[in-house]
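Visitor: take a look and give me a structure for this.
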Amino acid sequence: MTKNLIYFSQSAELFEGPMFDSKHQLLYFVSILDALVYCYNPNTKEILSVKLDSPTSNVYIISEKIVLAASKNGFYEIDFNTLKSTFKFQIDIEDNVRYNDGIEDAAGRYIIGTMGYPEVVNGIANVYSYHNGESKVIIKNTTISNGLAFTADNKTLYFIDTPTKKVAKHNYDIETGNVEFVDYVIEFNGDGSPDGMSIDKDGMLWIAEWGGSCVSQWNPSTGNKINEITLPFTNVTSCCFDDESNLYITTAKNGEELSCNNGSGLFQVKLN
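Guide: Below is the predicted model of the structure:
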């Protein structure tokens, strides 16, 4: 296993939301508080960025170099060929929340969670589903809606509300987009709190640990921890796989690091 620091910023506080486009071999990620969306080409090492006008949490892939980005002020289509952004829609959310982690289901629904902003407020957030111009709440009264991952059969949605320090399992109906809570399947008892999450081809969950300096691998069927990848950043925010099962990981500064010459990091971990 090798770890490579791909991109480093002295100013960014909070890298998040890595998403790999296997078809076009491009990686997207965001700097939430800077409202920046990045497009990284692992082959050429080119990094492009587009700035929006409010905190920006994640992207959904549309086509080559074109994504939909979720910002506090709405969802924008970003074209990295022209470096232009176009407002597309907004979901009816409260003024004192922003979007956080999101995922697209197999039917094309945009699923996204919220959290209090600029202050975190207990139970103020929700997880929404948006499709064909309509939105609905699918998980209610969360605090920091975070990691989302679907099983390969689309029947299970795993979800993290970070302050619970647990991973919840929900039954998912791909026809209706409805969810039903089943149980908590993983619990964190150490320093780290679960943040962003990805699922591998074997159904194992890889979970970024905020405050834990690592990404940990878990078996959701048993609740057991399998593996751990340590990183030189305290706050690890999210992760995703490319089509060769390499892991991309985003990290953020912590309070102590804000005054140092260290910023957020993007790592590639070659697992094979």
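
Visitor: contacting residues around residue 17?
Guide: When the contact criterion is CB atoms under 8 Å, 6 or more residues apart in numbering, the partners of residue 17 are 28-30, 32, 57-59, 101-102, 196, 238, 250. In short, each C-beta sits where N, CA and C put it, glycine included.

Visitor: restricted to strands, list the residues you listed.
Guide: The members of the contacts of residue 17 that map onto strands under DSSP state E are 28-30, 57-59, 101-102, 196, 238, 250.

Visitor: now do the host helix or strand of residue 50: distance to the chain's middle.
Guide: Here residue 50 is covered by strand 47-51, with elements defined by DSSP states H and E. On the basis of CA atoms, centre = their mean, to the nearest Å, the separation between the geometric centre of strand 47-51 and that of its chain is 18 Å.

Visitor: list the helices and strands that strand packs on?
Guide: Where contact means 3 or more CB pairs under 8 Å, 6 or more residues apart in numbering; DSSP states H and E, strand 47-51 is packed against strand 36-40.

Visitor: could you redo the last one with a cut-off of 10 Å?
Guide: The criterion is 3 or more CB pairs under 10 Å, 6 or more residues apart in numbering; DSSP states H and E, and the helices and strands that strand 47-51 contacts are strand 26-31, strand 36-40, strand 74-79, strand 84-89.

Visitor: now the contacts of residue 17 as TSV including neighbour count, pLDDT and distance to residue 214?
Guide: Compiled in TSV, the contacts of residue 17 are given as follows (neighbours: other CB atoms under 10 Å; pLDDT from 0 to 100; distance: CB to CB, whole Å):
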residue	neighbour count	pLDDT	distance to residue 214
28	25	97	23
29	27	96	19
30	30	96	21
32	26	95	21
57	25	96	22
58	29	96	22
59	25	98	24
101	28	97	18
102	24	97	23
196	29	97	13
238	29	97	13
250	29	94	13
